[in-house]
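Colleague: need a structure here:
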Amino acid sequence: MAPRRPKIDPELLPLGLAPRTVFVTGKGGVGKSTVSAALALAWRDAGARTLLVEIEGQASSSSMISAKRVGYEPVPLAEHLCALRITMMDALKEYARLRLKVKLVADRLVGNPVIDQFAQAAPGFRELLVLGKLWALAGERDERGAPKWDAIVVDSPATGHGLGLLNMAGVVARMFPVGPISSEATRIDRFIRDKRRVGVILAALPEELPVTETLELREQLAEQGVDVAAVVLNGLLVDRFGPEEIERVTGALDSKAPMGDNVHHALETAVWEHTRCVDQAAERERLESVMGEPVCVLPHMFAPQLSREHIVSLSHWLTAPGQAVLQAQLAGATDGPAAAAAVHAAANAEETS
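Modeller: Have a look, this model is predicted:
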């Protein structure tokens, strides 16, 4: 008997997005793998059968959820959540087997050094294999004939390479106007540009360069007909100091009154943290003014390395209820310490629940 499909709860959908295939990309170092892992967990918790996809050469987002080793076949990380890692050679072997029908012949052909060198050097070949695998995954069916995966989260390469990946099927289709490669590339390109089935989630930090690059990438994707489903602003600090509090701190520093080194450093740290919060708020406002709507925000997690508990917490912040709490605290609460405490208390509650 086929396993029972989970029921999707619309109120818990992350970013308000119905499950589909999404590519998570952004400038290097903005936490796109973290966002990918949190998004996969959030969709799973909403009732979607979810697949988290890593691409060869990228960091492992699945390792933030589970210690299981991920390969080319889906590996269960939790109930209704699996992960796999696409490598060029595995994708090439699969493609050759489908074409040649004989596994032994296909494997020997792919193992040939000449074929290997061609696959490594041919422009766009690697990207087309990756996209072809993703297209195939999106079309897989279960025993009942329903889609096997409700949601597929692709931890994509950083901005420039991510844009190249999304465009490559169209490029190949134009390079080879006729023949089987052209037909397959055209089919994959239509899939990438089908807003009902595919979208891009842009991850950014509340800093000048990442925000600028995010806005540029959004414009480029729009020009090419690729849907930007959402923008996630990662690593926001909650200002713990209200206007009156920071005025007293700066006043104490300006007075040159005698104080111990520890006190002086603590006051300087408070001013630095407040200034950073102000700068982050300005970048968030700049991003939202161009987007024309509020973006999804995630709080800064104070940890040298994120654990599964942090990812679970972030997955809850991605939902509408989580965003409502976080947005309220970031809206300018007069009691800064209470605002920060509320956010991190909620995060800790999620971690221990």
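
Colleague: Checking the residue nearest to Leu287 when sequence neighbours are not counted next. Helix, strand or coil?
Modeller: Leaving aside its chain neighbours, Leu287 sits nearest to Val211 (5.0 Å; criterion: Cβ to Cβ, 6 or more residues apart in numbering). Backbone N, C-alpha and C define where each C-beta goes, glycine included. Classification of Val211 by DSSP: H, G, I helix; E, B strand; the rest coil places it in helix.

Colleague: show me the residues around Val211 that make contact.
Modeller: For Val211, the contact set (Cβ atoms under 8 Å, 6 or more residues apart in numbering) comprises Ala204, Leu205, Glu283, Arg286, Leu287.

Colleague: how does it look with 10 Å?
Modeller: By Cβ atoms under 10 Å, 6 or more residues apart in numbering, the contact set of Val211 is 27, 30, 204-205, 231, 233, 280, 282-284, 286-287, 290, 295.

Colleague: Weed out the non-buried ones from those.
Modeller: Lys27, Val30, Ala204, Leu205, Val231, Leu233, Gln280, Glu283, Arg284, Leu287, Val295 (16 or more other Cβ atoms under 10 Å).

Colleague: could you measure Ala328 against Val226, distance?
Modeller: Distance, Ala328 to Val226, by Cβ to Cβ, to the nearest Å: 33 Å.

Colleague: Out of the two, name the residue with the larger neighbour count.
Modeller: Val226 (22 against 13; other Cβ atoms under 10 Å).

Colleague: In a strand, the more buried one, correct?
Modeller: No: using three-state DSSP, the assignment for Val226 is coil, not a strand.

Colleague: That one and Leu137, how far apart?
Modeller: In terms of Cβ to Cβ, Val226 sits 18 Å off from Leu137.

Colleague: host element of Phe241?
Modeller: Assigned by DSSP states H and E, Phe241 belongs to neither a helix nor a strand.

Colleague: ok now do the residue in the chain sticking out farthest from the centre, which residues does it touch?
Modeller: Of all residues in the chain, Pro258 has its C-alpha farthest from the mean position, at 48.9 Å, by Cα atoms, centre = their mean. Pro258 makes contact with His264, according to Cβ under 10 Å, 6+ apart.

Colleague: Please list all residues in contact with the closest residue in space to Val295 that isn't next to it in sequence.
Modeller: Nearest non-adjacent residue to Val295, counting by Cβ to Cβ, 6+ apart: Val231, 4.5 Å away. Taking Cβ under 10 Å, 6+ apart, we find Val231 in contact with 15, 26, 200-204, 211, 214-215, 217-218, 287-288, 290-291, 293-297.

Colleague: go again using 8 Å as the cut-off
Modeller: Ile201, Leu202, Ala203, Ala204, Thr214, Arg218, Leu287, Met291, Val295, Cys296.

Colleague: Same check on Leu236?
Modeller: Pro206, Gln280, Arg284, Val297, Leu298, Pro299, His300, Leu330.

Colleague: Try it again at 7 Å.
Modeller: Pro206, Gln280, Val297, Leu298, Pro299, His300, Leu330 (Cβ atoms under 7 Å, 6 or more residues apart in numbering).

Colleague: What separation do you get for the second one and Ile181?
Modeller: Here the criterion is Cβ to Cβ. By it, Gln280 lies 47 Å from Ile181.

Colleague: Serialize the buried ones among the contacts of Val211 to CSV and add fields for secondary structure and distance to Ala40.
Modeller: Listed next are those as CSV, based on DSSP: H, G, I helix; E, B strand; the rest coil; distance: Cβ to Cβ, whole Å:
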residue, secondary structure, distance to Ala40
Lys27, coil, 21
Val30, coil, 17
Ala204, strand, 19
Leu205, coil, 21
Val231, strand, 18
Leu233, strand, 19
Gln280, helix, 26
Glu283, helix, 27
Arg284, helix, 25
Leu287, helix, 24
Val295, coil, 20
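
Colleague: Looking at the residues you listed, which is nearest Gly242?
Modeller: Gln280 (16.4 Å; Cβ to Cβ).

Colleague: didn't the closest one look like it was pressed against Pro206?
Modeller: Yes: taking contacts as Cβ atoms under 7 Å, Gln280 lies within contact range of Pro206: 3.8 Å.

Colleague: backbone phi and psi for Glu245, please?
Modeller: Backbone torsions of Glu245, given as degrees, to the nearest 10, read phi -70, psi -50.

Colleague: And for the one 3 residues further on?
Modeller: Summarising the backbone geometry of Arg248 under the convention degrees, to the nearest 10, its torsions are phi -70, psi -40.

Colleague: So Ala229, which state does it fall into?
Modeller: From three-state DSSP, the assignment for Ala229 is strand.

Colleague: Surely it touches Phe23?
Modeller: No: Ala229 is beyond contact range of Phe23, at 9.3 Å (criterion: Cβ under 7 Å).

Colleague: These two - which one has more neighbours?
Modeller: For Ala229 versus Phe23, neighbours defined as other Cβ under 10 Å are more numerous around Phe23 (28 against 19).

Colleague: which of the residues in the one helix or strand His316 maps to are buried?
Modeller: Assigning secondary structure by DSSP H and E places His316 in helix 308-317. Residues Arg308, His310, Ile311, Val312, Ser313, Leu314, Ser315, His316, Trp317 are the ones in helix 308-317 that count as buried (16+ other Cβ under 10 Å).
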